[in-house]
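Colleague: Below is the sequence, then the predicted model.
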Amino acid sequence: MQAPVAATPVRKPGAMTVPDFLPPGLVLLAGAVLVALTRGGLRNVVVLGTPLVALWLTWQVPDGVVATATYLDYTVQWVEGSAVRRLFATIFCIMSFVGGLYAFRTARGHELAAAFAYAAGAVGVCFAGDLITLFLFWELMAIFSTVIVFCGGTERSRAAGIRYAVIHLLGGVILKVGIESIMVTTGSIEIRALQAQDFGTWMVLLGILVNAAAPPLSAWLADAYPESSPTGSVFLSAFTTKTAVLALILLFPGESVLIGVGLWMVFYGIIYALLENDARRILAYSIVNQVGFMVTAVGIGTETALNGAAAHAFAHIIYKALLFMSAGVVVYRTGLNRCSDLGGLFRTMPLTCACGIIGALAISSFPLTSGFTTKTLISEGAAAQGMAAVYYLLAAASAGVFLHAGIKFPWFVFFQKDSGLRPKDAPWNMGLAMMIFAAACIGLGVYPDPLYALLPYPEDADFYKPGKVLFYLQLLLFSGLAFFLLLPLMKRTETISLDVDWLWRRALPLAWSWAQSSLDAIRDKAVADLHDAKVKLSAWFATHWGGDGFFARSWPISATALWIAALLAAYVLVYFL
Amino acid sequence: MTDRNIHPTPKPDVPRVAPGSDDHWLSRPATVRAAWRVLGVVLGLLVLAQFLVPVKGHFPLENTFAFGAWFGFLACLAMVLAARVLGWWLKKPESYYGEADTPIDAGPGGGDAGPEAGGDDRA
């Protein structure tokens, strides 16, 4: 059950209260510092141990506000517990552990440290009881996720990291403006259900939607995530968008504009993933697609739909990380990202291939996988509200997910043509991490009750009814048929797809260089004109004042004497008259 | 060369063979034909199963026969065609933005693997 929002008075300075346990976010942050400072075996212990400690501490956080502090005359509630907050923090800690297991032998120390600080930000957001705390951890995520993008270590990752940072800092500014506006107009900084109805609430909603990769700024996600290292993209796939979903659940449940935004994201992700050639970029677009399902669910806003959003976020983090791990092993072993360069890898990478297929089935909501038991909650939420159009669009999108991620990703990476590549399968730690998450995908699909028990509202759904299973099998397998029949239309091309970021990656530089060349032309013309004027002036002076000029001409003295005599005569005449 | 900068080359130590040189049973034409037949049978059974298992829909359209089958197929057809049409406009060569994929810091292990990268040889 969701705990009632504690009505702690704000704008009232009070003594700092500390909980009688360590906040899990701070433990992860301390872990990040230790990871940065240690080496070798000790660092491995920190990487694998800290998330488990944070996970245990997450379950010690009771409902309600448990830690406050005074900041700028406001009482900030830096730790507040509730079922949905613990649910998200739980999966973030699990993700940190399994991600750490996947990465600890190959990732650089500063990448691992950044990943843990990033996770600390995400867990901090989960337990933030007020908007100021939420904002602080929000920015912590922005900073350290940017570091992870930079850790890709290529020119492209550096450029993508800068674009990523600019978008997230912009989103942060929008969020901050909104929070300040709400503080000024209501005097309250509490996190509570809002409606987007005035400037402040709209700004907060927009700021959160930037992190959810909502339109028009969806492009940052598929731009940055695939440019990170094989291990970095696993961490990146988990935190930013899902904390945005949690923030939407806490702040904007039932905000109807989110239904349209979510549906747009769902189809944007599918279309762009169908066009894409880079294996990890396909997965990045499908994050936008899956987060679209969750955003739609928050917009529907009923208990079932909100349970669906939370449960789907939990399941999504697992199968999406699994897919990124599978793709990451391929990139790590071959150095290749593009589907057109890959293919036939099932021969020597059976474990990576099998885990990739399990992740792909889970994202497609195949019965007996976690996607089936969580995403179906969202569709049922739409149906229960009589939203036929939303329901049909979500069903079409479910088919589309199987198309773009469920089949396309494993098919083009592990099957299709034989690329001739025979790389080794995953190193043991990467394999173990994948197997843990693959088991979780199937476990939550077969027996979802432990997850349902953690949801914010009571949930006793059972989707394993013959009619329901048959419907989904028909939907998915006929999508599979469509994929193989339409394969000639989906031939891989070595291309990228333009997005809204074309405006600042192409149009803005073009406009800038056009403005620069125009200014240069104006300057050149002015310089040329001045030069012409100078030449003309010199010529005029030369004509009139030069050696042969009129004023420099020598005159005979007799003429001068005659003129003087004439003038004097005229003067004398005038004087005597 | 531009191509080398835009496209990462395989790591030199990736074992390679001539494509298709080993005759894996999964890639044989007979297996592919059999897979198509199995898919056809499974799809047929899924549609026929609706005579035995009623699918109770939430909305009227859902109660049409084999709704999941035809709706899933048509939705995918529409999305593939939409992507195809948008692709004419949106697809550009990979060098469009002119950013290279070359490592900035060519430390041990290259761009995406740290000094510990050698450790995986033990795997």
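Modeller: The structure has been received and is ready for your questions. Numbers count the residues shown, from 1 in each chain, chains lettered A, B, ... in the order given.

Colleague: Which helix or strand contains the residue in chain A positioned nearest to chain B?
Modeller: The minimum distance from chain A to chain B, using C-beta to the nearest C-beta, falls at A:Gln474 (3.1 Å). The C-beta positions use only the backbone N, C-alpha and C, and glycine is treated the same way. Applying DSSP states H and E as the criterion places A:Gln474 in helix A:466-485.

Colleague: how about that helix: buried residues?
Modeller: A:468-483 (16 or more other C-beta atoms under 10 Å in any protein chain shown).

Colleague: In terms of secondary structure, what does it contact?
Modeller: With contacts defined as 3 or more C-beta pairs under 8 Å, 6 or more residues apart in numbering or on different chains; DSSP states H and E, helix A:466-485 has these neighbours: helix A:370-384, helix A:388-401, helix B:29-48, helix B:67-90.

Colleague: Let's have the ones you listed in TSV, adding mean neighbour count, mean pLDDT and distance to A:Phe199.
Modeller: Formatted as TSV, the helices and strands packed on helix A:466-485 follow (neighbours: other C-beta atoms under 10 Å in any protein chain shown; pLDDT from 0 to 100; distance: least, C-beta to C-beta, whole Å):
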stretch	mean neighbour count	mean pLDDT	distance to A:Phe199
helix A:370-384	26	95	30
helix A:388-401	23	95	28
helix B:29-48	12	94	52
helix B:67-90	18	95	34
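
Colleague: Show me which positions of the helix or strand hosting A:Leu562 end up buried.
Modeller: Using DSSP H and E, A:Leu562 sits in helix A:557-576. Residues of helix A:557-576 include none that count as buried (16+ other C-beta under 10 Å).

Colleague: Now for the residue nearest to A:Val234 when sequence neighbours are not counted: which residues touch it?
Modeller: Nearest residue to A:Val234, sequence neighbours excluded (C-beta to C-beta, 6 or more residues apart in numbering or on different chains): A:Phe324, at 4.7 Å. By C-beta atoms under 8 Å, 6 or more residues apart in numbering or on different chains, A:Phe324 lies in contact with A:233-234, A:237, A:280, A:283.

Colleague: what sits against the one residue sitting closest to the centre of chain A?
Modeller: In chain A, the centroid-proximal residue (C-alpha atoms, centre = their mean) is A:Leu221; its distance is 4.1 Å. Each residue near A:Leu221 by C-beta under 8 Å, 6+ apart is listed here: A:213, A:241, A:284-285, A:287-288.

Colleague: Recalculate using a threshold of 10 Å.
Modeller: A:164, A:167, A:211-213, A:236-237, A:240-241, A:269, A:281, A:284-285, A:287-288, A:291 (C-beta atoms under 10 Å, 6 or more residues apart in numbering or on different chains).

Colleague: just A:Ala382 next, same as before
Modeller: A:259, A:296-297, A:299-300, A:302, A:304-305, A:308, A:388-395, B:58.

Colleague: Now the residue of chain B found nearest chain A. Nearest residue, chain neighbours left out?
Modeller: Relative to chain A, the nearest point of chain B is B:Gly68 (3.1 Å; C-beta to the nearest C-beta). Computed as C-beta to C-beta, 6+ apart, the closest residue to B:Gly68 that is not its neighbour in sequence is A:Gln474, at 3.1 Å.

Colleague: OK, contacts around that neighbour?
Modeller: A:399, B:43, B:46-47, B:49-50, B:55, B:66-73.

Colleague: again, but for A:Ile318
Modeller: Going by C-beta under 10 Å, 6+ apart, A:Ile318 touches A:91, A:94-95, A:98, A:238, A:359, A:362, A:370-371, A:436-441, A:443-444.
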